[in-house]
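1. For reference, the sequence and a predicted model appear below.
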Amino acid sequence: MFDAADALATWLGLTLVGAALVAAALAIPAAPPPDATAVAATVDRVAESDYDTDTAVHLNVDSVRVTTRSIGLRGAGGTASAALVARVVPVPPDGPLAAVLAGRDPALVFDTELELVRAAVDARARNPDWRAAETLRVRHLAWRGVDVVLVG
């Protein structure tokens with residue numbers, strides 16, 4: 001029948017199964033991973049425009065990382081990244097490119113198109129890092145023969 005040894009083994013087995021179920025439930029993230037693909041699609045849509053275009057994407061993430069060919073998002077649900085079709089200029093939060101990204105006329109920021117090109121080359125050469133951001137701005141700019149897509 002059912003004796004003390006069987007009861008102890010049953011109790012121990014049920015305790016282990018219960019602990020495993022609790023551990024599995026705690027391992028499930030509370031939120032889904034961020035949708036980096038949708039953000040990348042928005043960046044590519046702006047980049048493909050035939051006209052000067054800009055947009056802002058509201059992000060519900062902790063931080064964002066922009067490289068010349070990808071977007072990375074990190075939030076409560078984990079980290080996600082997506083490749084970009086367009087080659088973009090990751091704009092640092094300070095400096096002349098940030099002013100142009102924010103909507104300022106490039107003629108008021110740069111004296112020549114060569115200065116804009118140099119600033120874009122320098123920005124592309126920087127190591128990408130994670131930055132806190134609530135909004136990602138994207139601007140496709142064609143100015144004096146220079147065509148760039150600024151993202152920051």
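-> Noted; the coordinates are in hand.

2. Kindly format the C-alpha coordinates of the longest strand seen in the chain as CSV.
-> Of all the elements of type strand in the chain, the one with the most residues (DSSP state E) is strand 135-143. Included here for strand 135-143 are C-alpha records, laid out as CSV according to Å, rounded to 0.1, in the frame of the first residue of the first chain:
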residue,chain,number,x,y,z
THR,A,135,12.5,59.3,-29.6
LEU,A,136,14.5,58.4,-32.7
ARG,A,137,14.8,61.1,-35.3
VAL,A,138,15.4,60.3,-38.9
ARG,A,139,16.2,62.9,-41.6
HIS,A,140,17.0,62.4,-45.3
LEU,A,141,18.8,65.5,-46.4
ALA,A,142,20.0,66.4,-49.9
TRP,A,143,21.9,69.7,-49.7
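
3. by contact count, what packs against it?
-> Judged by 3 or more Cβ pairs under 8 Å, 6 or more residues apart in numbering; DSSP states H and E, strand 135-143 is in contact with helix 36-47, strand 53-58, helix 96-101, helix 106-109, strand 146-151. (Glycine included, C-beta is placed from N, CA and C.)

4. Quick check: which of those is nearest to residue 15?
-> helix 36-47 (40.9 Å; Cβ to Cβ).

5. Off-centre distance for that closest one?
-> The chain centre lies 11 Å from the centre of helix 36-47; the measure is Cα atoms, centre = their mean, to the nearest Å.
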